[in-house]
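J.: Here is a sequence together with a model predicted from it:
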Amino acid sequence: MDRTRPLTLLLAGSLAAGGLLALTPAAQAADTELARNGGFEVGLDGWSCTAGSGAVVPSPVHGGTKALQATPAGSDNARCSQTVTVKPNSSYTLSGWVRGSYVYLGASGTGTTDVSTWTASAPDWQKLSTSFTTGASTTSVTIYTHGWYGTPAYQADDLSLYGPGGDPVQLPTAPTGLTAGSPTSTSVPLSWTAVSGATSYHVYQGTTRIQTVTTPSATVSGLTASTPYTFQVTAVNSAGESPKSAAVTATTTSGGGGGGGGLPAHALVGYLHASFANGSGYTRMADVPDSWDVIDLAFGEPTSVTSGDIRFTLCPATECPNVESLADFKAAIKAKQAAGKKVLISIGGQNGQVQLSTTAARDTFVSSVSKIIDEYGLDGLDIDFEGHSLSLQTGDTDFRNPTSPVVVNLIQAVKTLKARYGAKFVLTMAPETFFVQLGYQYYGSGPWGGQDPRAGAYLPVIHALRDDLTLLHVQDYNSGSIMGLDNQYHSMGGADFHIAMTDMLLTGFPVAGNTDRFFPPLRPEQVAIGLPASTQAGNGHTTPAEVNKALDCLTKKTNCGTYQTHGTWPSLRGLMTWSINWDRYNQGEFAKNFDAYAWS
C-alpha cells in the first residue's frame with residue numbers, strides 16, 4: 001500500500017511555521033513516500049525474499065487487509081528487501097510496524113553509514129524507525145526487514161521510506177533481434193540486442209517466465225527432444241518491465257542429452273577398487289557380478305595436484321596378492337562390454353586432488369585421460385573431484401557464467417573429450433552434497449565473502465555439461481545435514497535424506513536463494529542415488545528397507561514419510577554405490593536388493 005502525507009497536514013504545518021514560504025521549495029516538490037507496496041496489499045510486488053521465506057497473510061495486519069509474514073529457517077534469516085531510487089546528499093526516514101522476536105528494519109547502500117533498528121520482542125505491533133543521509137553519488141538504496149536464525153515467523157506491515165524521490169527512471173523498450181542459436185536435444189541458446197537502461201532481462205517460454213539474466217543472452221535447458229519451443233524476452237529496470245520482444249521458435253534435436261546409450265532403464269553403478277585394496281579385498285574384473293551395469297575404475301590420479309597429468313595402474317601385488325595380469329584385466333573389460341556393461345575411468349577420489357588451474361593443465365588432462373581410455377578400451381569418464389579440487393573465486397557468483405579457472409578448464413576439458421569420442425561417450429559425475437545441494441543456501445564465498453568457496457562449486461560444471469551428462473550420482477553419504485526444498489534440514493542414513501536430496505535435482509532450485517539464478521532440473525534418467533554399500537564403506541549407510549522407501553517415494557509417490565516431493569519420476573535411472581568391493585565383502589546385500597526391487 002503506497003501512503004503519502006495528506007496535503008492538509010502539510011498546509012497546517014507550514015502555516016504554523018509562519019506561512020507557506022516557511023516550507024522550502026525542495027521539500028514541497030520532492031519529499032514523498034518511496035517504498036513500493038509497503039503495506040503488502042498487492043502481495044510481494046516490489047519485494048524480494050530469500051529462499052522463498054516470505055508470504056502475504058490476511059492476519060495479523062497493522063493496516064489495510066494484508067501484511068508480510070516471513071519465516072527464518074536454518075541459516076536463512078528471512079530477509080525481504082526492495083531497492084528504491086533516491087537522490088544524492090539527501091535525508092530519509094525509514095519506518096515500519098513489526099511483530100515477533102528479533103525483527104530488524106534497515107537500509108543498505110546509503111553511500112554514508114548504513115542503518116538498522118530492531119526489537120528483541122514485539123508480541124503485538126511495534127513501530128521501528130531510523131533515518132540516514134545518502135552519499136554524494138548515491139542514486140539507490142536497499143531497504144529491508146528480516147528476522148533471526150532459529151526464531152519463529154515474524155510479521156511486518158506499513159513499511160515506509162520518506163524523502164526526496166530520485167530522478168524518474170524510464171521504462172526500457174522491448175528487446176529486438178531475438179535469435180535462437182543451434183539447439184541440442186535439451187537446450188536452446190538465445191541472444192538479442194542489448195537495451196539501453198536495462199539492468200536485467202526476463203526470458204519467457206511460451207507465456208511462462210523461466211529465468212532472469214543480466215546480459216543479452218541465455219541458454220534455456222531441461223527441454224524435451226524433438227519439440228518446438230517459442231521464446232520471448234523483456235527488458236527490466238527499476239521502472240518496470242518492457243513489452244515482450246518478437247517471438248522466436250526453435251525445435252530441439254532428436255535423442256536425449258548425454259551420451260552412453262545402451263544403459264538399461266534402471267541401472268546399478270559401482271566403483272571397483274582397481275588400484276588399491278582398501279580393506280575390502282581386491283576383486284578381479286572378471287569376478288564382478290553381472291548385477292553391475294556401470295563399473296567405475298577407482299581411481300585415475302594426478303602426478304601432482306595442479307599437473308592435470310592423470311595416471312592409472314592396477315593394484316600392486318604386494319597390496320593385492322590376487323591381482324590379475326594386465327592382459328587378463330583388459331580382456332575382462334572387453335568381456336563385460338560384450339555383455340552390455342559400461343566400464344569407465346574415475347578420476348579423483350578422496351586422495352586424488354585435481355586442480356586444472358591453467359590451460360596447460362587442462363590440455364594435459366585431456367591427453368592423459370585419452371591415453372587411459374584408449375589403452376584400456378573404456379567407455380567414458382567419471383568425474384569424482386573431491387576435497388579442494390573445485391572452488392569458486394571471489395566474485396564468481398553466477399553458476400551459468402563461471403569465471404574460476406579450475407571450473408572453466410574442467411568444463412572445456414570434458415567437452416573436448418566428448419567431442420573426441422562422440423555420442424557413445426559415457427559421462428558420469430559423483431560430487432558430494434556439499435558441492436551440489438548445499439548450493440541451495442550458499443554459493444562460493446558469497447556476495448560479501450567469508451563463505452567456503454567450495455560450496456555449490458559443482459553446479460556450474462553440471463549445468464554446462466548437462467547436455468553431455470549420462471548420469472549424476474551425488475554421494476548421499478559422508479555428508480552433514482543439508483537443507484531441502486522444504487527449508488528443513490535432512491540428515492543422512494534414512495529414506496528422507498535421499499528423497500529430499502534427489503527431489504532437489506529433479507525439481508531444480510534457486511542457487512543461494514536467488515530466484516533469478518535457478519538451477520534447472522535434470523532429467524530423471526540422468527540421475528541415480530549414491531549410497532555406501534555397507535557400514536564399513538562410509539558414513540550414512542542406509543538399510544535396504546530404507547533404500548526401497550526412497551525409491552518408492554521418488555518413482556511411485558508412496559512411502560514418502562513427511563517430505564513431499566515435487567513430482568513422481570518412474571524413469572529415475574537407479575543407484576550408485578561405493579563400492580563393488582565393499583558390497584562383495586558384505587555378501588552382495590546392496591546388489592541383491594537392487595535386483596529384487598520392483599520398479600513398477
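T.: Okay, I see it. Numbers count the residues shown, from 1 in each chain.

J.: List the contacts of L554.
T.: Contacts for L554 (Cβ atoms under 8 Å, 6 or more residues apart in numbering) come out as 499, 502-503, 506, 565, 568-569, 572. For the C-beta atoms, the positions are set from N, CA and C on the backbone; glycine is no exception.

J.: run the last query once more with 6 Å
T.: Listed by Cβ atoms under 6 Å, 6 or more residues apart in numbering, the contact set of L554 reads 502, 569, 572.

J.: Secondary structure element holding it?
T.: Using DSSP states H and E, L554 falls within helix 544-556.

J.: Helix or strand next in line after that helix, which one?
T.: strand 574-578.

J.: picking that back up, most neighbours among the contacts of L554, which one?
T.: Within the contacts of L554, most neighbours by other Cβ atoms under 10 Å means T502, with 27 neighbours.

J.: Measure how buried E41 is and give me the count.
T.: Neighbours of E41 (other Cβ under 10 Å): 17.

J.: my read: it touches K66, true?
T.: Yes - assessed by Cβ atoms under 6 Å, E41 is found in contact with K66 at 5.4 Å.

J.: Off-centre distance for stretch 238-248?
T.: The chain centre lies 26 Å from the centre of stretch 238-248; the measure is Cα atoms, centre = their mean, to the nearest Å.

J.: tell me the contacts of the residue positioned nearest the centre of the chain?
T.: What sits nearest the mean C-alpha location of the chain, by Cα atoms, centre = their mean, is V511, with 3.8 Å. Taking Cβ under 6 Å, 6+ apart, we find V511 in contact with 399, 439, 443, 517, 519.

J.: Quick check: phi and psi on the second one?
T.: Think G439. Main-chain dihedrals, G439, degrees, to the nearest 10: phi -60, psi -10.

J.: burial measure for the closest residue to it other than its chain neighbours, as a count.
T.: Counting by Cβ to Cβ, 6 or more residues apart in numbering, G439 lies nearest to G456, which is 2.7 Å off, once chain neighbours are set aside. Neighbourhood size, G456 [other Cβ under 10 Å]: 27.

J.: How much space separates G456 from P175?
T.: When Cβ to Cβ, to the nearest Å is the yardstick, G456 and P175 sit 30 Å from each other.

J.: swap in S404?
T.: Using Cβ to Cβ, we find S404 at a distance of 30 Å from P175.

J.: D595: what secondary structure?
T.: Going by DSSP: H, G, I helix; E, B strand; the rest coil, the secondary structure assigned to D595 is helix.

J.: Now do the contacts for the residue nearest to it when sequence neighbours are not counted.
T.: Leaving aside its sequence neighbours, D595 sits nearest to S291 (Cβ to Cβ, 6+ apart; 5.5 Å). By Cβ under 6 Å, 6+ apart, the contact set of S291 is 268, 591, 595.

J.: Closest to P524 out of those?
T.: Comparing those against P524 with Cβ to Cβ picks out L268 as the nearest, at 16.1 Å.

J.: can you pull the contacts of the closest one?
T.: Counting by Cβ under 6 Å, 6+ apart, L268 touches 291-293, 574-575, 594.

J.: Am I right that it is in a strand?
T.: Yes - counting by three-state DSSP, L268 is located in a strand.

J.: Model confidence for the closest residue to G222 other than its chain neighbours, exactly?
T.: Ranked by Cβ to Cβ, 6+ apart and with sequence neighbours excluded, the top spatial neighbour of G222 is P520, at 4.1 Å. At P520, the pLDDT value in this model is 89.

J.: ditto for T212
T.: Here, the pLDDT recorded for T212 equals 80.

J.: ok, it to S200 distance?
T.: From T212 across to S200, the span is 5 Å (Cβ to Cβ).

J.: next one: G240
T.: Noted for G240: a distance of 12 Å to S200, by Cβ to Cβ.

J.: Which one of those two is surrounded by more residues?
T.: S200 (15 against 12).

J.: is the more buried one in a bridge, and if so with what?
T.: Counting by DSSP bridges, S200 is bridged to V236.

J.: List the contacts of it.
T.: 212, 214, 236.

J.: Roughly how far does it sit from P402?
T.: Computed as Cβ to Cβ, the S200 to P402 distance reads 19 Å.

J.: so where do the helices sit in the stretch 1-150 of the chain?
T.: Secondary structure of the stretch 1-150 of the chain (DSSP state H, counting those that start in this stretch): helices at 7-16, 25-30.

J.: rank the ones you listed by pLDDT, which is bottom?
T.: helix 7-16 (a mean of 34).

J.: and W448, how many neighbours?
T.: W448 has 7 neighbouring residues, counting by other Cβ under 10 Å.

J.: ok, now which ones touch the closest residue to E241 other than its chain neighbours?
T.: Excluding the flanking residues, the one nearest E241 by Cβ to Cβ, 6+ apart is T234, at 5.0 Å. Taking Cβ under 6 Å, 6+ apart, we find T234 in contact with 202, 241-242, 244.

J.: Distance from the helix or strand containing T234 to the middle of the chain?
T.: Taking DSSP H and E as the definition, T234 sits inside strand 228-237. In this view, strand 228-237 has its centroid 22 Å away from the chain centroid, taken as Cα atoms, centre = their mean.

J.: Alpha carbons of that strand, in CSV - could you do that?
T.: The C-alpha trace of strand 228-237 is given here as CSV (Å, rounded to 0.1, in the frame of the first residue of the first chain):
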residue,chain,number,x,y,z
PRO,A,228,9.3,-26.9,-30.8
TYR,A,229,9.5,-24.1,-28.2
THR,A,230,8.6,-20.4,-28.5
PHE,A,231,10.6,-17.8,-26.6
GLN,A,232,10.3,-14.0,-25.9
VAL,A,233,12.3,-11.7,-23.8
THR,A,234,11.7,-8.4,-22.0
ALA,A,235,14.0,-5.7,-20.6
VAL,A,236,13.8,-4.7,-16.9
ASN,A,237,14.9,-1.8,-14.7
